[in-house]
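Asks: dropping the sequence and predicted coords here.
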Amino acid sequence: AGSSVDVLAVTSARDLAVVRTAVSLGVTHYLLKPFTFAAFRDKLERYADYRAQALADGEVTAQHDVDRMFATLRGTAGHSLPKGLDAQTLNRVRAALADGSGPGAGLSATEVSAATGISRVTARRYLEYLVTIDRAVRTPRYGTPGRPEVEYRPR
């Protein structure tokens, strides 16, 4: 009807024709009952991230900007983690990053390693994955002699 309202469908309708119609009408998420609160929260967080990107001023500079917006909205299924990454460990790393990053602060791979009990190399691999899927940001940390350390913050 020309409305620009986004819709997250929460339904028990499993008929494929209904799903196709919902997608063709622009439903952004289709959540089947029963579902967990974590699944619902994930959909809402992804939608909030998408809206923040979509409402920004300016224009997209390249196709990868549009692809990133759609990837944020659609996300990936939990079973499609890259080889060698585990969902439970990823959740531990995300929790450590969220708990340890106060305002204006981030955590290094070494600090995440200490908080989770995994190796520094493993922590860094998970942190880099979070950066890749746009769930964390990476910045240099200056102030100590030698090379700057990399710190990560949740997005």
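Replies: Now that the structure is in, tell me what you want to look at. Residues are numbered from 1 along each chain as shown.

Asks: looking at this structure, which helix is longest?
Replies: helix 37-54 (DSSP state H).

Asks: same for it, what does it pack against?
Replies: Applying 3 or more C-beta pairs under 8 Å, 6 or more residues apart in numbering; DSSP states H and E, we find helix 37-54 packed against strand 7-11, strand 27-32, helix 63-74. Placement of C-beta: from N, CA and C, glycine included.

Asks: pLDDT weak spots in this protein?
Replies: Across the chain, the ranges flagged by pLDDT under 70 are 1, 75-80, 101-104.

Asks: how about TSV for the helices and strands packed on helix 37-54, with mean neighbour count and distance to Arg147 added?
Replies: Compiled in TSV, the helices and strands packed on helix 37-54 are given as follows (neighbours: other C-beta atoms under 10 Å; distance: least, C-beta to C-beta, whole Å):
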stretch	mean neighbour count	distance to Arg147
strand 7-11	14	44
strand 27-32	16	42
helix 63-74	14	29
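
Asks: of all those, which one is nearest Leu85?
Replies: When these are ranked by proximity to Leu85, the top entry is helix 63-74, at 16.9 Å, counting by C-beta to C-beta.

Asks: can you name the next helix or strand after that closest one?
Replies: helix 87-100 (DSSP states H and E).

Asks: what sits up against the very next helix or strand once past that next one?
Replies: Per DSSP H and E, the first helix or strand lying C-terminal to helix 87-100 is helix 109-116. Helix 109-116 has contacts (C-beta atoms under 8 Å, 6 or more residues apart in numbering) with 89, 92-93, 96-97, 99-100, 107, 118-124, 126-127, 150, 152.

Asks: show me the protein divided up by domain.
Replies: The chain is divided into the following domains under automatic domain parsing: 7-75, 87-154.

Asks: returning to what we had before: tell me the angle the longest helix of the chain makes with strand 27-32.
Replies: Between helix 37-54 and strand 27-32, the angle comes out at 180 degrees (axes from the mean of the first three to the mean of the last three C-alpha atoms, to 10 degrees).

Asks: first to last residue in stretch 129-141, what's the distance?
Replies: 19 Å (C-alpha to C-alpha, to the nearest Å).
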